[in-house]
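Chemist: any chance you can model this:
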Amino acid sequence: MSFNLRSAVLQNVSGHSEQEVEATITDAVQSGEEKMLPGLGVLFEVFWKQASNEEKEQVISEISNGLQQ
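Modeler: Numbering: from 1, shown residues only. Here you go, the predicted structure:
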């Protein structure tokens, strides 16, 4: 039996409002549960695919800065 995690995550959040997406992200980060990391990765992939080069550079900078702290 094959399970496509990416599709499952996308189905779970498809049609969610901005507030619901924010709540999903906040809950995943605050819970600190490793099982939530793949879902955050899928959401990040969605962002990355539609982001402009400027947005990507900003995110890269923010992540790099956060890793330095």
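
Chemist: and the contacts of the helix or strand hosting residue 58?
Modeler: With elements taken from DSSP states H and E, the one containing residue 58 is helix 53-68. If you take Cβ atoms under 8 Å, 6 or more residues apart in numbering as the criterion, helix 53-68 is touched by 47-48, 51. Glycine gets a C-beta too; all of them are placed from N, C-alpha and C.

Chemist: which one (most neighbours) among the residues you listed?
Modeler: When neighbours are counted as other Cβ atoms under 10 Å, the busiest of those turns out to be residue 51, with 14 neighbours.

Chemist: the helix or strand harbouring residue 7: how far from the chain's middle?
Modeler: Using DSSP H and E, the element containing residue 7 is helix 5-13. Centroid displacement of helix 5-13 relative to its chain, using Cα atoms, centre = their mean, to the nearest Å, is 12 Å.

Chemist: one more: stretch 51-64?
Modeler: Averaging C-alpha positions (Cα atoms, centre = their mean) puts stretch 51-64 14 Å from its chain's average.

Chemist: could you give the average pLDDT over that stretch?
Modeler: Taken as a whole, stretch 51-64 carries a mean pLDDT of 98.

Chemist: now that stretch - C-alpha only, CSV.
Modeler: Output in CSV follows, covering the C-alpha atoms of stretch 51-64 (Å, rounded to 0.1, in the frame of the first residue of the first chain):
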residue,chain,number,x,y,z
ALA,A,51,7.1,32.9,-4.7
SER,A,52,8.9,35.6,-6.6
ASN,A,53,12.7,35.6,-6.6
GLU,A,54,12.6,38.5,-4.2
GLU,A,55,10.3,36.6,-1.8
LYS,A,56,12.6,33.6,-2.0
GLU,A,57,15.7,35.7,-1.2
GLN,A,58,13.9,37.2,1.8
VAL,A,59,13.0,33.8,3.2
ILE,A,60,16.5,32.5,2.6
SER,A,61,17.9,35.5,4.4
GLU,A,62,15.5,35.1,7.4
ILE,A,63,16.2,31.4,7.7
SER,A,64,20.0,32.0,7.5
